[in-house]
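**Student:** Need coordinates for the below:
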Amino acid sequence: MKKISIYLIACLFLALNACKTEDDVVFVAQEAEGLAFTNNFSAEYILTPATSGNLGERFTWESADFGEQTNVSYNLMKSYASDFSDPSLINSTTGNELSITIGDMLGYAAELGLDSDPTTPQPNTGQVFVRLSASIGTNGGNEVFSEVQTLTLVLAETQVNEINCDLDQVWLVGAAVTFAGWGWETPNKVVCNGNGVYAGNINFNNEGDANFRFFTVETDWASGRNYPYYVDAGYTIDPLFEDSLDGDNNFKFLGENGLYFLQIDDINKTITMDDPQPLGDCEFDQLWIVGAGVPDAGWGWESPIQTMCDGEGVYSGFVNFSNEGDANFRFFTVETDWASGRNFPYYVDAGYTIDARFIDSEDGDNNFKFIGDTGAYFLTVDDVNKIISIE
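**Tutor:** All right, here's what the predicted structure looks like:
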């Protein structure tokens with residue numbers, strides 16, 4: 001019995017000593033070599049707001065070998081200086097690829113001060129520099145870098161046609177102009193967008209007097225042009241308008257309430273109405289808005305709010321917002337298609353600056369929530385500068 005006890009003690013001693021020896025072993029990672037991009041880069045990247053949702057570049061690489069099995073983190077960085085003196089993070093992953101969109105590149109172009117207008121002194125082309133880093137774990141150990149890669153960005157220059165009008169815009173005020181009324185707080189306007197042509201998307205309604213007038217100078221009642229003014233000048237006027245026969249012979253709107261494309265052609269002497277039309281270069285002709293926070297729409301597709309493309313990557317228009325109840329809403333790129341929705345996190349993740357009167361509703365779909373004062377606002381969604389604002 002005594003011999004067995006001594007034997008067991010000896011075995012236990014050897015086992016403990018073996019464990020201690022194993023714990024003392026240290027694996028030292030080697031420095032990884034040859035980290036490099038494996039994708040083919042374009043000589044230049046042509047950027048337009050209409051393609052902002054398209055893939056700009058997909059960066060790929062082989063796994064970094066640190067000589068041991070370990071988690072590796074990759075950081076894709078950019079800089080506007082070739083010596084990478086002002087680096088900033090684009091994105092991180094533990095995989096072997098990361099992508100950026102044309103919209104991301106348009107953001108870089110904006111930060112570089114590029115301009116697509118050929119009549120301005122600002123350049124339409126510039127360079128952004130990217131590189132990849134790899135490190136062990138989450139603490140950035142044994143960090144190694146790829147060579148710097150140059151991306152040449154080119155803003156497609158807008159075609160400038162000679163546009164001549166007597167005025168920059170014509171103003172609309174009156175009861176029939178839904179978001180204006182008879183006052184100068186929020187007058188609507190149609191802008192010069194062709195030789196002698198003024199155009200814009202205007203909300204009209206047929207309630208009450210349903211009258212309005214055009215004005216050539218903002219806030220100047222004396223600059224008004226009523227229905228007889230255009231009749232006497234020989235204009236053909238859309239049948240949705242007639243003389244209101246009130247004291248000022250204003251226009252009267254006879255159509256159904258809604259958004260219309262209004263055009264005043266001073267060359268051909270016509271005033272016409274049509275379905276809403278985009279007036280700029282955007283990825284979509286319009287964005288749709290549905291939800292409790294937009295009471296004119298609600299959560300349904302019977303009367304969604306249509307916000308038209310109104311510039312280079314810019315959607316804008318007047319919208320009635322309400323802070324009552326859930327006060328939530330969402331943007332959609334396709335009418336009646338719930339799958340095309342873009343909620344609050346979508347724009348946050350894309351790097352947009354969002355007006356403080358909108359927050360994440362934190363409901364099941366993370367919709368927008370309106371927390372401002374109930375009322376009419378002019379909404380702008382700028383996909384180039386990544387801003388959502390109301391005023």
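**Student:** alpha carbons only for contacts and neighbour counts from here, please
**Tutor:** OK.
**Student:** now the helices: where do they sit in the protein?
**Tutor:** For the chain, the helices defined by DSSP state H cover 2-23, 102-112, 227-232, 344-349.
**Student:** I'd like the average pLDDT over the longest one.
**Tutor:** For helix 2-23, the mean per-residue pLDDT is 47.
**Student:** Same question for the second one.
**Tutor:** Summarised as a single mean, pLDDT over helix 102-112 is 95.
**Student:** What are the buried residues along that helix?
**Tutor:** Neighbour counts using 16 or more other Cα atoms under 10 Å place 102, 103, 104, 105, 106, 107, 108, 109, 112 of helix 102-112 among the buried residues.
**Student:** now, which of those residues sits nearest residue 353?
**Tutor:** Among the buried residues of helix 102-112, residue 107 lies closest to residue 353 (Cα to Cα), at 12.2 Å.
**Student:** Quick check: the closest one touching residue 386?
**Tutor:** Yes. Here residue 107 reaches residue 386: they are 7.5 Å apart, a contact under Cα atoms under 8 Å.
**Student:** Would you mark the buried spots in stretch 220-235?
**Tutor:** Counting neighbours by 16+ other Cα under 10 Å, one finds that the buried residues in stretch 220-235 are 224, 225, 226, 227, 228, 230, 235.
**Student:** pLDDT and distance to residue 51 added to these, as JSON lines?
**Tutor:** Shown next, in JSON lines, are the buried residues of stretch 220-235 (pLDDT from 0 to 100; distance: Cα to Cα, whole Å):
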{"residue": "224", "pLDDT": "98", "distance to residue 51": "41"}
{"residue": "225", "pLDDT": "98", "distance to residue 51": "41"}
{"residue": "226", "pLDDT": "98", "distance to residue 51": "42"}
{"residue": "227", "pLDDT": "98", "distance to residue 51": "42"}
{"residue": "228", "pLDDT": "98", "distance to residue 51": "45"}
{"residue": "230", "pLDDT": "98", "distance to residue 51": "41"}
{"residue": "235", "pLDDT": "98", "distance to residue 51": "39"}
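**Student:** from these, which two are the most distant?
**Tutor:** Greatest spacing in the buried residues of stretch 220-235, by Cα to Cα: 224 and 235 (16.3 Å).
**Student:** about what we covered before: from the buried residues of stretch 220-235, pick the one nearest residue 370.
**Tutor:** residue 224 (36.5 Å).
**Student:** Tell me the bridge partners for the closest residue to the closest one other than its chain neighbours.
**Tutor:** Nearest residue to residue 224, sequence neighbours excluded (Cα to Cα, 6 or more residues apart in numbering): residue 215, at 4.2 Å. Here residue 215 shows beta-bridge partners residue 171, residue 224, assigned using DSSP bridges.
**Student:** Check residue 47 too.
**Tutor:** With DSSP bridges as the rule, residue 47 is bridged to residue 155.
**Student:** I figured it hits residue 158, correct?
**Tutor:** No. Residue 47 is beyond contact range of residue 158, at 11.4 Å (criterion: Cα under 8 Å).
**Student:** which one of those two has more residues nearby?
**Tutor:** Taking neighbours as other Cα atoms under 10 Å, residue 47 and residue 158 compare with residue 47 leading, 23 against 14.
**Student:** Now for that one: which residues touch it?
**Tutor:** Applying Cα atoms under 8 Å, 6 or more residues apart in numbering to residue 47 gives the contacts 102, 105, 106, 153, 154, 155, 156.
**Student:** Quick one: the strands in the stretch 101-250 of the chain, in order.
**Tutor:** Under the criterion DSSP state E, counting those that start in this stretch, the stretch 101-250 of the chain contains strands at 125-136, 141-145, 149-155, 169-174, 188-194, 197-204, 211-215, 224-225, 236-237, 241-243.
**Student:** TSV please, covering these and showing distance to residue 324.
**Tutor:** Output for the strands of the stretch 101-250 of the chain, formatted as TSV (distance: least, Cα to Cα, whole Å):
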stretch	distance to residue 324
strand 125-136	46
strand 141-145	52
strand 149-155	43
strand 169-174	28
strand 188-194	27
strand 197-204	24
strand 211-215	31
strand 224-225	38
strand 236-237	41
strand 241-243	36
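**Student:** Between the ones you listed, which one is closest to residue 343.
**Tutor:** When these are compared by Cα to Cα, strand 197-204 sits nearest residue 343, at 25.3 Å.
**Student:** quick check: mean pLDDT across that closest one?
**Tutor:** What strand 197-204 shows for mean pLDDT is 97.
**Student:** Now residue 334: closest residue in space, sequence neighbours ignored.
**Tutor:** Spatial nearest neighbour of residue 334, excluding adjacent residues (Cα to Cα, 6+ apart): residue 340 at 5.9 Å.
**Student:** ok, the one you found touching residue 330?
**Tutor:** No. Contact criterion Cα under 8 Å: residue 340 and residue 330 do not qualify, at 10.0 Å.
**Student:** Pick out whichever of those two has more residues nearby.
**Tutor:** A direct count of neighbours by other Cα under 10 Å for residue 340 and residue 330 places residue 330 higher, at 23 against 14.
**Student:** Out of the strands of the stretch 101-250 of the chain, which gets nearest to residue 33?
**Tutor:** Judged by Cα to Cα, the one of those that comes nearest to residue 33 is strand 141-145, at 7.8 Å.
**Student:** residues of the closest one that come out buried?
**Tutor:** Within strand 141-145, the residues that count as buried by 16+ other Cα under 10 Å are 144, 145.
**Student:** ok, the nearest residue to residue 262 once chain neighbours are set aside - how many residues close by?
**Tutor:** Distances taken as Cα to Cα, 6+ apart put residue 273 closest to residue 262, at 4.8 Å, once the chain neighbours are dropped. Neighbourhood size, residue 273 [other Cα under 10 Å]: 20.
**Student:** I'm done for today, thanks for sticking with me.
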